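A.B. asks: Model the following, please.
(chains A and B)
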There are 2 protein chains.
Amino acid sequence: MKKPLILVTNDDGITAPGIRNLVNFMNEIGEVVVVAPNSPQSGKGHAITINSTLTFEEINLEGPQRDYSLSGTPVDCVKFALDKVLTRKPDLVVSGINHGANSSINVIYSGTMSAAVEAGVEGLQSIGFSLLDFAWDADFSQCKDYIQNIVKKVLENPLPKGIVLNVNIPKLKKEEIKGIKVCRQAQAKWEESFDERVNPHGKKYYWLTGYFNNQDEGKDADENALADGYISVVPVKFDLTAHEYLQELGEVLNG
Amino acid sequence: MKKPLILVTNDDGITAPGIRNLVNFMNEIGEVVVVAPNSPQSGKGHAITINSTLTFEEINLEGPQRDYSLSGTPVDCVKFALDKVLTRKPDLVVSGINHGANSSINVIYSGTMSAAVEAGVEGLQSIGFSLLDFAWDADFSQCKDYIQNIVKKVLENPLPKGIVLNVNIPKLKKEEIKGIKVCRQAQAKWEESFDERVNPHGKKYYWLTGYFNNQDEGKDADENALADGYISVVPVKFDLTAHEYLQELGEVLNG
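C.D. replies: From the prediction side, this is the model:
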């Protein structure tokens, strides 16, 4: 069988340990092409670059894969890879491994997951991976077998059109991880608190800070599966229509 | 009855004609506070500013509302307004009027709609409005009655938790608009094509361009309702879980 073509991207930047680990894991499965941001793009959500321009270059990093860095967002990387870098459609797009959680509502802020979603919009098989460890020198070794297994299963059993996977991995040793749990997105939100400071010229400025508030107690919610020691896998769709509310809304607006 | 408190934001920037029209429309309904970006933020999706800082200032613009400009994204504006500007929860958040369509898959790229979604995540009633006219001097007058009616109906009949509205208005004269149609998000995507150029120093750079490809023929899809002369209203949710696929995915991954 021909080796699958795997496009790898992320939001922490092309040199982040998370993506380098993911590249190594994917090199054992397929032919790998990396198109990733040349700088950190955390929290960029589904941003695209339309009011400025992009530059890109091939860079030489260890391993058999080809590596290209782009001056844009994660979503730009997916678009650029498909239009300018790859000569055929990839069999799979993987994004990550993110340094930090993208569970629950974080899916909408996450550059990692937005890249995965963009690949889904393009009709491609796509998975985003995140480890619940923000540290730059996080240990990704426990992720390897799980990630490779999920990738192989998706390659063998393609996801339905319109669905991508959001995989989050707890910060645990391999033997402490209880397994994989398919989950729904937990109901949770950030309680923001802007940290006000004064610059040397006397002008106020602000840092976005906050804490994460999990309002969900369901065992089938990703936040709680992670807290229980499972890898959470949420099937994510990008048809945002609340189909179940269409009829009632019609009555409210036109009734 | 006490006047409703209405927070207004957008992604085209606080001085854009679209938001100034929306502010004028809302001034006739409630007490209005504007917190909007100090520069254009189109295509910023659900981006938040976490690796740099924000500044904000009150500015004086015509009308009874209070206007504050922030150096961040549309989503930053919603977060900042709730944490630092408003002293009580707004009864409604409106975003727009965007100069250009946010129908179909554009909902995920749109700063306008991401601000509306962020307000929904915060548990607030929220609506994004867009006019299918990119021009800076677009005529927003035909929007007024429709927007005011939708806003009043939502204030009287609150949306269920977890749902916000994506309203798109065709570029037609008021008497040409056929009415309001509740729709699902059309299946469509951008076919991207990066425009390669060479800068004066000999280095290649790229502009993101593309064309919109509507792959949906359903009369109940927003793209088609707009083409038929209707205002489209899509109820949008931010639980992205593909609930209908949870069981099968469990069998694929753990079976």
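A.B. asks: Contact partners for the spatially closest residue to A:R184 that is not a sequence neighbour?
C.D. replies: Excluding the flanking residues, the one nearest A:R184 by C-beta to C-beta, 6 or more residues apart in numbering or on different chains is B:T241, at 4.2 Å. Where C-beta positions appear, they are placed from N, C-alpha and C, glycine not excepted. The neighbours of B:T241, taking C-beta atoms under 8 Å, 6 or more residues apart in numbering or on different chains as the test, are A:184-185, A:234-237.
A.B. asks: would you list the residues you listed in CSV and tack on secondary structure?
C.D. replies: Output for the contacts of B:T241, formatted as CSV (DSSP: H, G, I helix; E, B strand; the rest coil):
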residue, secondary structure
A:R184, strand
A:Q185, coil
A:V234, strand
A:P235, strand
A:V236, strand
A:K237, strand
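A.B. asks: Of all pairs in the residues you listed, which one is the farthest apart?
C.D. replies: Farthest pair in the contacts of B:T241 (C-beta to C-beta) is A:R184 and A:K237. Separation: 11.8 Å.
A.B. asks: quick one, helices of chain A?
C.D. replies: Shown for chain A, the helices assigned by DSSP state H span residues A:17-27, A:74-80, A:106-109, A:111-121, A:144-156, A:222-227, A:246-254.
A.B. asks: The last one and chain B in contact?
C.D. replies: Yes - contact check for helix A:246-254 against chain B, using C-beta under 8 Å from any C-beta of the partner chain: residues in range are A:246, A:249-250, A:252-254.
A.B. asks: Show me which of those residues is closest to B:D76.
C.D. replies: Once C-beta to C-beta is applied, the member of the residues of helix A:246-254 next to chain B that ends up nearest B:D76 is A:L249, at 28.8 Å.
A.B. asks: Looking at the closest one now. What's its pLDDT?
C.D. replies: With respect to pLDDT, A:L249 has a value of 97.
A.B. asks: what number of residues lie near it?
C.D. replies: By other C-beta atoms under 10 Å in any protein chain shown, the residues close to A:L249 number 24.
A.B. asks: Quick check: it vs B:V35, distance?
C.D. replies: For A:L249, the distance to B:V35 equals 27 Å [C-beta to C-beta, to the nearest Å].
A.B. asks: For A:D91, what are phi and psi?
C.D. replies: Phi and psi for A:D91, reported as degrees, to the nearest 10, are phi -80, psi -20.
A.B. asks: neighbours of it, just the number please.
C.D. replies: With neighbours defined by other C-beta under 10 Å, the count for A:D91 comes to 19.
A.B. asks: Leaving aside the residues adjacent along the chain, what's closest to it?
C.D. replies: In space, A:D91 is closest to A:P4, 3.8 Å off (C-beta to C-beta, 6+ apart).
A.B. asks: close enough to count as contact, the one you found and A:L92?
C.D. replies: Yes - judged on C-beta atoms under 8 Å, A:P4 makes contact with A:L92 at a distance of 6.0 Å.
A.B. asks: quick one: which of the two has more around it?
C.D. replies: Per other C-beta under 10 Å, whichever of A:P4 and A:L92 has more neighbours is A:L92, with 22 against 17.
A.B. asks: Enumerate every residue touching the more buried one.
C.D. replies: A:4-7, A:30, A:124-127, A:151, A:154-155.
A.B. asks: Repeat that for A:K152.
C.D. replies: A:I29.
A.B. asks: Can you pull the poorly scored residue ranges out of the stretch 1-150 of chain A?
C.D. replies: For the stretch 1-150 of chain A, applying pLDDT under 70 flags the ranges A:1.
A.B. asks: Show me what from it comes close to chain B.
C.D. replies: A:40, A:42-51, A:53-56, A:75-76, A:79-80, A:82-84, A:105, A:107-109, A:114, A:117, A:121-123, A:150.
A.B. asks: And the strands in the stretch 1-150 of chain A, which stretches?
C.D. replies: Using DSSP state E, counting those that start in this stretch, the strands of the stretch 1-150 of chain A run over residues A:5-9, A:31-37, A:56-59, A:66-70, A:92-99, A:126-131.
A.B. asks: I'd like those strands as a markdown table, with distance to B:N24 appended.
C.D. replies: A markdown table is the format used below for the strands of the stretch 1-150 of chain A (distance: least, C-beta to C-beta, whole Å):
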| stretch | distance to B:N24 |
| --- | --- |
| strand A:5-9 | 43 |
| strand A:31-37 | 40 |
| strand A:56-59 | 44 |
| strand A:66-70 | 41 |
| strand A:92-99 | 42 |
| strand A:126-131 | 42 |
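A.B. asks: out of the ones you listed, nearest to B:D220?
C.D. replies: Of these, nearest to B:D220 by C-beta to C-beta is strand A:126-131, at 27.0 Å.
A.B. asks: Any idea how many residues pack against the residue nearest to A:H46 when sequence neighbours are not counted?
C.D. replies: Counting by C-beta to C-beta, 6+ apart, A:H46 lies nearest to B:G45, which is 3.2 Å off, once chain neighbours are set aside. As a burial measure, B:G45 scores 28 neighbours (other C-beta under 10 Å).
A.B. asks: is it true that B:G45 touches A:T49?
C.D. replies: No - using C-beta under 8 Å, B:G45 makes no contact with A:T49, being 11.1 Å away.
A.B. asks: related to what we said a few turns ago, quick check: phi and psi on the residue nearest to A:H46?
C.D. replies: When read as degrees, to the nearest 10, the backbone of B:G45 gives phi 50, psi -140.
A.B. asks: residue contacts, it?
C.D. replies: With contacts defined as C-beta under 8 Å, 6+ apart, B:G45 is in contact with A:44-48, A:75, A:114, B:108-111, B:114.
A.B. asks: how about a cut-off of 6 Å?
C.D. replies: A:45-47, B:109, B:114 (C-beta atoms under 6 Å, 6 or more residues apart in numbering or on different chains).
A.B. asks: residue furthest from the geometric center of chain A?
C.D. replies: In chain A, counting by C-alpha atoms, centre = their mean, A:G255 sits farthest out from the average C-alpha position, at 41.3 Å.
A.B. asks: Okay, that one and B:Q65: tell me how far apart.
C.D. replies: A:G255 is 31 Å from B:Q65, by C-beta to C-beta.
A.B. asks: go on, A:D145?
C.D. replies: 57 Å.
A.B. asks: Between those two, tell me which one has more neighbours.
C.D. replies: Neighbour count, other C-beta under 10 Å: between A:D145 and B:Q65, B:Q65 has more, with 17 against 12.
A.B. asks: The nearest residue to the more buried one once chain neighbours are set aside - how many residues pack around it?
C.D. replies: Among residues not flanking B:Q65 along the chain, B:V32 sits closest, at 3.7 Å (C-beta to C-beta, 6+ apart). B:V32 has 25 neighbours, counted by other C-beta under 10 Å.
A.B. asks: Just confirm B:V32 contacts B:M26, I think it does.
C.D. replies: Yes - B:V32 is within contact range of B:M26, at 4.8 Å (criterion: C-beta atoms under 6 Å).
A.B. asks: Common neighbours of those two, please.
C.D. replies: B:6, B:8.
A.B. asks: hmm, back to that, what's the pLDDT at the residue nearest to A:R184?
C.D. replies: B:T241 is given a pLDDT of 98.
A.B. asks: Show me which residues of the stretch 151-255 of chain A sit near chain B.
C.D. replies: Residues of the stretch 151-255 of chain A lying near chain B by C-beta under 6 Å from any C-beta of the partner chain: A:153, A:157, A:163, A:180, A:182, A:184-185, A:189, A:192, A:194, A:205-208, A:234-237, A:239-242, A:245-246, A:249-250, A:252-253.
A.B. asks: For beta bridges, what are the partners of the nearest residue to A:A116 once chain neighbours are set aside?
C.D. replies: Of all residues not flanking A:A116 in the chain, A:G128 sits nearest, at 3.7 Å (C-beta to C-beta, 6+ apart). In this entry, A:G128 is beta-bridged to A:S95, A:N166, by DSSP bridges.
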